[in-house]
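Enquirer: structural data only, the sequence is not supplied:
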């Protein structure tokens with residue numbers, strides 16, 4: 001979805017309300033990204049604000065099972081009119097104006113790209129299916145009645161070189177947390 005600055009200037013109060021609905025190439029998205037956005041033109045540039053949502057199909061990093069998670073993203077992006085070209089000056093101190101998104105020279109705002117970036121940045125980097133995650137899959141043959149206790153480790157299987165470390169944290173043995 002692209003909007004021109006001329007189209008935005010022609011709107012009352014130089015403000016445009018958009019109903020956004022696009023199937024973006026966001027990794028793991030199974031539904032289109034939908035939401036409502038407001039574009040506001042000011043003397044400094046354009047502000048894009050609103051809220052979008054989608055549904056992600058993720059893989060748990062602990063148990064490796066797939067699960068679905070809804071993703072709600074608040075967008076508040078400011079695009080400013082381009083100032084002097086600083087591309088040739090590499091060895092200089094960074095200024096406040098270096099951390100803004102410029103309005104393209106052709107005046108066409110790519111709203112789909114702004115939403116894509118916001119959704120990608122809001123997507124989780126470490127996926128966990130929930131508090132009750134069963135943990136890693138059991139090894140082959142362990143599912144036929146053999147029980148593995150993951151929370152408590154048998155001290156008899158503890159490497160003798162590590163035994164002295166248990167004396168450093170005596171409260172953990174009794175179940176108390178420091």
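Expert: Looks like it arrived, so ask away. None of the values given here were measured: they were computed from a predicted structure. Residues are numbered from 1 along each chain as shown.
Enquirer: quick check: closest non-adjacent residue to the residue nearest the centre of the chain.
Expert: Centrality entry for the chain: nearest residue to the mean C-alpha point is residue 122, 2.1 Å, by Cα atoms, centre = their mean. Spatial nearest neighbour of residue 122, excluding adjacent residues (Cβ to Cβ, 6 or more residues apart in numbering): residue 73 at 4.5 Å. From N, CA and C alone the C-beta is placed, and that goes for glycine too.
Enquirer: I figured the one you found was touching residue 52, is that so?
Expert: Yes - using Cβ atoms under 8 Å, residue 73 is in contact with residue 52, at 5.3 Å.
Enquirer: quick revisit: surely the residue nearest to residue 122 is in a helix?
Expert: No - residue state for residue 73 (DSSP: H, G, I helix; E, B strand; the rest coil) corresponds to strand; a helix is not indicated.
Enquirer: list the contacts for it?
Expert: 35, 51-53, 115, 118-119, 122 (Cβ atoms under 8 Å, 6 or more residues apart in numbering).
Enquirer: again, but for residue 33
Expert: Here residue 33 is in contact with 20-24, 26, 52-54, 115, 119 (criterion: Cβ under 8 Å, 6+ apart).
Enquirer: how about these in a markdown table, adding distance to residue 107 and pLDDT?
Expert: Formatted as a markdown table, the contacts of residue 33 follow (distance: Cβ to Cβ, whole Å; pLDDT from 0 to 100):
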| residue | distance to residue 107 | pLDDT |
| --- | --- | --- |
| 20 | 20 | 89 |
| 21 | 24 | 89 |
| 22 | 21 | 86 |
| 23 | 26 | 87 |
| 24 | 23 | 82 |
| 26 | 26 | 76 |
| 52 | 24 | 93 |
| 53 | 29 | 93 |
| 54 | 28 | 91 |
| 115 | 19 | 90 |
| 119 | 25 | 90 |
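Enquirer: dump those residues to TSV, plus neighbour count, secondary structure and distance to residue 7.
Expert: Formatted as TSV, the contacts of residue 33 follow (neighbours: other Cβ atoms under 10 Å; DSSP: H, G, I helix; E, B strand; the rest coil; distance: Cβ to Cβ, whole Å):
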residue	neighbour count	secondary structure	distance to residue 7
20	20	strand	16
21	11	strand	19
22	15	strand	18
23	11	coil	23
24	17	coil	22
26	20	coil	26
52	23	strand	21
53	14	strand	26
54	25	strand	26
115	25	helix	18
119	22	helix	24
